[in-house]
Each structure stands twice: as structure tokens, then as C-alpha cells.
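In: predicted model follows, preceded by the sequence.
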Amino acid sequence: MKEEFLELLRQVKRDGIEDLINFIKKTDFFTAPASTKFHGSYEGGLLEHSLKVYEILKHKVETNIEKIEVNQETLILVPLLHDICKANFYKVDYRNAKNELGVWEKVPYYTVDDTIPYGHGEKSVMMITEYIKLTPEEKYSIRWHMGFTEPKELYNTIGSAFKKYPLALLMHEADLEATYFYDI
């Protein structure tokens, strides 16, 4: 999966893409979970989730009833990097739990270690733009990929973003589908 991810990213020909790839390689992106206890909460879950979102979003764009023109680089960057904010975000800790024999033992679990508290979608945008330029469509699609799981005070803003950039809505849907249909 790592090689597939890198091969896709290398199709992007923007200035700074190799620097971004090198940054990702220095993080735990390829081994990190996608969440602490929800979807993809296992080693490599973040990578698997990102690739599944790419697969779903690509299909949605290609088959959407209302035709949406999306640049190929955009179709790679948005889903693969929407959760880059989760790189170096989780750590393993231990707690006591009874095993199947009823004996207490230490078991690992994931916790959050947020050293850059800058939100979620906006943090991903910030991290990416330290290396490459993003189009407005890409920024909005990554920033609002959490959709209506954001605080209700932002619902009007999210709706406006989805109307302005339909890819942002499809991205949110793809993220939800990967999470709930595939548990990734």
C-alpha cells in the first residue's frame, strides 16, 4: 500500500511534491492508525483509509449524475492527504485488561498526542501548503471533509463551501463511506 500511495503522489508534478513526500516518509503516516478506537484503529489504518477514500472519491467523480470536472492531481491530493494531520498524532499507551482467561494483563491502545493543536481539516491544509500550493477547490475539500460532524455553528459555512465546490461534498461522502461501509 505504501508504494501505491507514493506512486500516486508522484503523479503530481507541482513544485515541492518531493519535499512533501520526504516529510511524509519521516513521519509515522504509513504505520499510524486512522483513529484511536473507531475506524482503522490499527497499525497502517491511516494509509489504508487514505487509499480507500481515494478509490471511493475517484469512483464518485467518474459516475456522479451531475458531471464534475476535477483535475487529476486534485483527485490524488485531496483524498490521499485529507488526514495528513494524523501523522505523528497518535501514540501507543498501555492499560490493564482481562484476557480471555480472566487474567489481568497490560494491553496496548492508541491515545492522542496533539503537539500541533490547529484543528483537523485546517491543520491538514496548513501542513500540505508548507510544501506545495493547493488550489482553492483542494483547500476547501480538505478543510471541510468532516462535513456536518463539525460544530453546528459552522453548518451554513459548510453548506456554502459544498455549493461552491461540489468536490468538497463528494470528499465528505467518500470519507464517510470509507469509515462506515469499510470500517477503514
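Out: Structure's in. What do you need? Numbers count the residues shown, from 1 in each chain.
In: ok, now how distant is the residue nearest to residue 29 when sequence neighbours are not counted from residue 34?
Out: Leaving aside its sequence neighbours, residue 29 sits nearest to residue 87 (Cβ to Cβ, 6 or more residues apart in numbering; 4.3 Å). C-beta coordinates here come from the backbone N, C-alpha and C atoms, glycine included. The spacing between residue 87 and residue 34, counted by Cβ to Cβ, to the nearest Å, is 11 Å.
In: common neighbours of those two, please.
Out: Listed as contacting both residue 87 and residue 34 by Cβ atoms under 8 Å, 6 or more residues apart in numbering are residue 46.
In: okay, the two: which has more neighbours?
Out: Using other Cβ atoms under 10 Å as the criterion, residue 87 and residue 34 rank with residue 34 on top: 26 against 20.
In: contact partners for the residue nearest in space to the middle of the chain?
Out: Centrality entry for the chain: nearest residue to the mean C-alpha point is residue 83, 2.5 Å, by Cα atoms, centre = their mean. Neighbouring residues of residue 83 by Cβ under 8 Å, 6+ apart: 34, 46, 49, 50, 124.
In: how many residues are close by the closest residue to residue 70 other than its chain neighbours?
Out: Spatial nearest neighbour of residue 70, chain neighbours left out: residue 61 (5.1 Å); criterion: Cβ to Cβ, 6+ apart. Number of residues near residue 61 (other Cβ under 10 Å) recorded here: 19.
In: do you know how far residue 61 is from residue 24?
Out: 24 Å.
In: just the pLDDT at the residue nearest to the centre of the chain, thanks.
Out: You'll see residue 83 listed with a pLDDT of 98.
In: what count of nearby residues applies to residue 69?
Out: Residue 69 has 8 neighbouring residues, counting by other Cβ under 10 Å.
In: residue numbering should commence at 706 henceforth.
Out: Got it, first residue is 706 now, which makes that one residue 774.
In: what's the distance between it and residue 713?
Out: In terms of Cβ to Cβ, residue 774 sits 20 Å off from residue 713.
In: go on, residue 838?
Out: Distance from residue 838 to residue 713, counting by Cβ to Cβ: 18 Å.
In: compare the two and say which is more crowded by neighbours.
Out: Higher neighbour count among residue 838 and residue 713: residue 713, with 17 against 11, using other Cβ under 10 Å.
In: who's in contact with the closest residue to the more buried one other than its chain neighbours?
Out: Nearest non-adjacent residue to residue 713, counting by Cβ to Cβ, 6+ apart: residue 781, 5.1 Å away. For residue 781, the contact set (Cβ under 8 Å, 6+ apart) comprises 713, 714, 716, 717, 759.
In: try it again with 7 Å
Out: Residues near residue 781 by Cβ atoms under 7 Å, 6 or more residues apart in numbering: 713, 714, 716, 717.
In: after the host helix or strand of it, which helix or strand is next?
Out: Taking DSSP states H and E as the definition, residue 781 sits inside helix 777-786. Downstream of helix 777-786, the first helix or strand assigned by DSSP H and E is strand 795-803.
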